[in-house]
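Novice: sequence and predicted structure, then a few things I'm wondering about:
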Amino acid sequence: MRVTSEFWVSALIRRIQKDGGFAAVIRRGATEAGAIFLVQRTRLGDLLLYGPAPQADYDEARPMERRFALLVRSHSQSDIDVRLEREMRFDPDVWIVELEVEETMLSGMVEITTL
């Protein structure tokens, strides 16, 4: 059984804050099954947007585990906003979580795949 989006986001935020990073919910989505998007800010000013990985990318051995794919890498907040607005037109129940953590810390907490 897959945990709810709300539970998963809460657990991620607690783990990041425990390890000295910053994480905050920017937009609350559907409690049970809203798609989750992660906006990561790096020390060098990069913005990275991660979203749900395509269904074909899931592992048959662990089908309930959440996986993310890098959707946008930019120095401009507007690039991220444009992509998120498009996603919200498609599905208004999305969660948006902003993170300030190192890429190695994030990849140790969530499974990131390449498209």
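Specialist: That came through, no problem.

Novice: just the pLDDT for residue 66.
Specialist: Here, the pLDDT recorded for residue 66 equals 82.

Novice: how close does it sit to residue 77?
Specialist: Residue 66 sits 25 Å away from residue 77 when distances are taken as Cβ to Cβ, to the nearest Å. The way it works is simple: take the backbone N, C-alpha and C, and place the C-beta from them, glycine included.

Novice: which of the two has more neighbours?
Specialist: Neighbours of residue 66 and residue 77, each counted by other Cβ atoms under 10 Å, are more numerous for residue 66; the result is 17 against 11.

Novice: please enumerate the helices of the chain.
Specialist: Taking DSSP state H as the criterion, the chain contains helices spanning 5-18, 77-90, 103-109.

Novice: relative to residue 107, how far out is the spatially most central residue of the chain?
Specialist: Centroid-nearest residue in the chain, with Cα atoms, centre = their mean: residue 38, separated by 2.6 Å. The spacing between residue 38 and residue 107, counted by Cβ to Cβ, is 11 Å.

Novice: mind listing residues that contact the helix or strand bottoming out on mean pLDDT in the chain?
Specialist: The least trusted helix or strand in the chain, going by mean pLDDT, DSSP states H and E, turns out to be helix 103-109, with a mean of 79. If you take Cβ atoms under 8 Å, 6 or more residues apart in numbering as the criterion, helix 103-109 is touched by 12, 15, 16, 19, 21, 38, 40, 42, 48, 99, 112.

Novice: count the residues that sit near the nearest residue to residue 19 once chain neighbours are set aside.
Specialist: The spatially closest residue to residue 19, leaving aside those adjacent along the chain, is residue 105, at 6.2 Å (Cβ to Cβ, 6 or more residues apart in numbering). Residue crowding around residue 105 was assessed by other Cβ under 10 Å; the count is 15.

Novice: in the chain, which strand is the longest?
Specialist: Of all the segments assigned as strand in the chain under DSSP state E, the longest by residue count is strand 67-74.
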